[in-house]
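J.: dropping a prediction and its sequence here:
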Amino acid sequence: MKRDKLFTRSYICILAANFLLFFGFWLLIPILPFYLQENYHCPEAMLGLILSCYTVSGLCIRPFSGFLMDKFPRKPIYILCYFTCVCMFLGYMLAATLAWFVLLRALHGVAFGSVTVGGNTLCVDIMPSSRRGEGLGYYGLTNNTAMALGPMTGLFMHSHISYTGIFLTAMIVSLCGLMCACAVKARMPESMRKRMEAEKSGAPLPESMSAPKRKVSLDRFILLKGIPVSISLLLLSIPYGATTNFVAMYAGEIHITAPSGFFFTLMAIGMGVSRLFAGRLVDKGYITQCIHYGYYPVIVAFFCLGSCRFMAMADMPLATAVFFTVPVMLGIGFGVMFPAMNSLYVNLAPNNQRATATSTYLTAWDVGIGIGILSSGFIAHAFTFYMVYLSGAVLCVISMVFFVKKVTPHYNMNKLR
């Protein structure tokens, strides 16, 4: 039987747009702590607080962006937010004070939080539902590829050119992504099209698409059925946020001299390999199973990462080998879980709440990352970074137990497809 076509022109353009957006994002992630210390003399304890403002602002806007993209055509909102992200890089180059930098970083979080909801939802709209797990896997793979190349490029540029040059590079890359985003031919969801036609003609809406006239309630902005899985996802993302933002500093702290940019490359390779088969397993219905088994390499990886400090005291080659094995395990674990998690949220939501489901998924992820970034600075100040990752391993164990005991039965009772 012939399979539905996945790689259409619009799908390829949304992949390119997402890759270039995230490349610009990841280009800055590992160098921003150095930038804040060198340009603004920011104390270590304040790094997490300042960097987390980006995530917090993105978190605050995501429920509203999901609501707006379910109510209005998604592409115009997506393009506007993408354009704002491009402009923010210019703002970084012009920021003269730390206060201006914090403000711009918060505004960038608002734009980025909205554009990621829009891109993910548009991707779901334009792909055939029979290949959704596979399509989301490839879409996420663009994030991973950007994660492989962006930090490594950023750290290399940090050693050779000015911060202005790095910000300018990120802006040009994102501008190219904006052009790709404009080329996406968005397909309006059937429920939205019928609702807009009915509103124009004055005809009554079908009961399935009409909502009772009431005050704005929480379920208009958050997928309430997704709250249990959001708790698991939040706990999982706390150590992830700490890793992506501070692993380069941790490597320096334990005197690992190999280029830490390769950490992100190896993580992306692990994610890329695992996504190639994980998406197809999701399409066959193994959603909760993929998530469950993905936890194991992640838990082991964070425990090993925290233990590298003690290994380095006794055997530096061993510590270096373990340090660069960790990202492969993280990549495999997260690469298996991500497309499954995304599909789980979509399967819990009716079609007219698809963007809200995506928003809830990304919001939970951002809450955890924000907590991870914010808490890491304080924990590192008190115990150094090894304790951040050992604590992360414990959080992942708690997340896995909650997922198996509470989330899986809840999903099986409430899934719509």
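T.: Structure's in. What do you need?
J.: low-confidence ranges in the stretch 151-300 of the chain?
T.: 187-220, 260-261 (pLDDT under 70).
J.: tell me the helices in the stretch 201-350 of the chain, going along the chain?
T.: Here the stretch 201-350 of the chain has its helices, by DSSP state H, counting those that start in this stretch, at 227-253, 261-283, 287-314, 316-348.
J.: kindly reformat those helices as a markdown table containing distance to Ala95 and mean neighbour count.
T.: (C-beta placed from N, C-alpha, C; glycine too.) What follows is these, written out as a markdown table (distance: least, Cβ to Cβ, whole Å; neighbours: other Cβ atoms under 10 Å):
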| stretch | distance to Ala95 | mean neighbour count |
| --- | --- | --- |
| helix 227-253 | 19 | 23 |
| helix 261-283 | 25 | 23 |
| helix 287-314 | 33 | 20 |
| helix 316-348 | 32 | 23 |
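J.: of those helices, give the one that comes closest to Lys406.
T.: Evaluated over these, closeness to Lys406 peaks at helix 227-253, with 5.6 Å, by Cβ to Cβ.
J.: hang on, the earlier thing: which among the helices of the stretch 201-350 of the chain is found nearest to Lys71?
T.: So among these, helix 316-348 is nearest, using Cβ to Cβ, at 18.0 Å.
J.: now the closest one: mean pLDDT?
T.: Average pLDDT, helix 316-348: 90.
J.: can I get stretch 92-111 in CSV? Just the C-alpha atoms.
T.: The C-alpha coordinates for stretch 92-111 follow below in CSV (Å, rounded to 0.1, in the frame of the first residue of the first chain):
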residue,chain,number,x,y,z
TYR,A,92,21.9,42.4,21.6
MET,A,93,24.6,44.2,19.6
LEU,A,94,23.3,47.6,20.7
ALA,A,95,22.6,46.8,24.4
ALA,A,96,24.8,49.1,26.4
THR,A,97,23.8,48.0,29.9
LEU,A,98,23.0,44.8,31.7
ALA,A,99,19.4,46.1,32.3
TRP,A,100,18.9,46.5,28.5
PHE,A,101,20.3,43.0,27.9
VAL,A,102,17.9,41.5,30.4
LEU,A,103,14.9,43.3,28.8
LEU,A,104,15.9,42.2,25.3
ARG,A,105,16.4,38.7,26.5
ALA,A,106,12.9,38.6,28.0
LEU,A,107,11.4,40.0,24.8
HIS,A,108,13.3,37.4,22.8
GLY,A,109,11.8,34.7,25.0
VAL,A,110,8.3,36.0,24.3
ALA,A,111,8.9,35.9,20.5
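J.: how far away from the center of its chain is it?
T.: Mean C-alpha position of stretch 92-111 versus that of the full chain (Cα atoms, centre = their mean, to the nearest Å) differs by 20 Å.
J.: pull the residues that contact that stretch.
T.: If you take Cβ atoms under 8 Å, 6 or more residues apart in numbering as the criterion, stretch 92-111 is touched by 36, 40, 42, 50-51, 53-61, 81-82, 84-85, 88, 91, 164, 167-168.
J.: now intersect those residues with the helices, please.
T.: Within those, residues falling in helices by DSSP state H are 36, 40, 50-51, 53-61, 81-82, 84-85, 88, 91, 164, 167-168.
J.: of those, grab the buried ones for ChimeraX.
T.: Per 16 or more other Cβ atoms under 10 Å, the buried members of the ones in helices among the contacts of stretch 92-111 correspond to this ChimeraX selection:
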select :36,40,50,51,53,54,55,56,57,58,59,61,81,82,84,85,88,91,167,168
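J.: just so I know, which of the helices of the stretch 201-350 of the chain lies nearest Ile126?
T.: helix 316-348 (14.0 Å).
J.: helices or strands next to that closest one in the packing?
T.: The helices and strands touching helix 316-348, judged by 3 or more Cβ pairs under 8 Å, 6 or more residues apart in numbering; DSSP states H and E, are helix 132-160, helix 227-253, helix 261-283, helix 287-314, helix 354-383, helix 408-414.
J.: with respect to Gly119, which of those helices lies nearest?
T.: When the helices and strands packed on helix 316-348 are compared by Cβ to Cβ, helix 132-160 sits nearest Gly119, at 8.2 Å.
J.: quick check, Met127 in contact with Tyr11.
T.: Yes: here Met127 reaches Tyr11: they are 6.0 Å apart, a contact under Cβ atoms under 8 Å.
J.: for the helices and strands packed on helix 316-348, give me CSV that also has distance to Ala321.
T.: Below are the helices and strands packed on helix 316-348 laid out as CSV (distance: least, Cβ to Cβ, whole Å):
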stretch, distance to Ala321
helix 132-160, 19
helix 227-253, 13
helix 261-283, 12
helix 287-314, 9
helix 354-383, 24
helix 408-414, 35
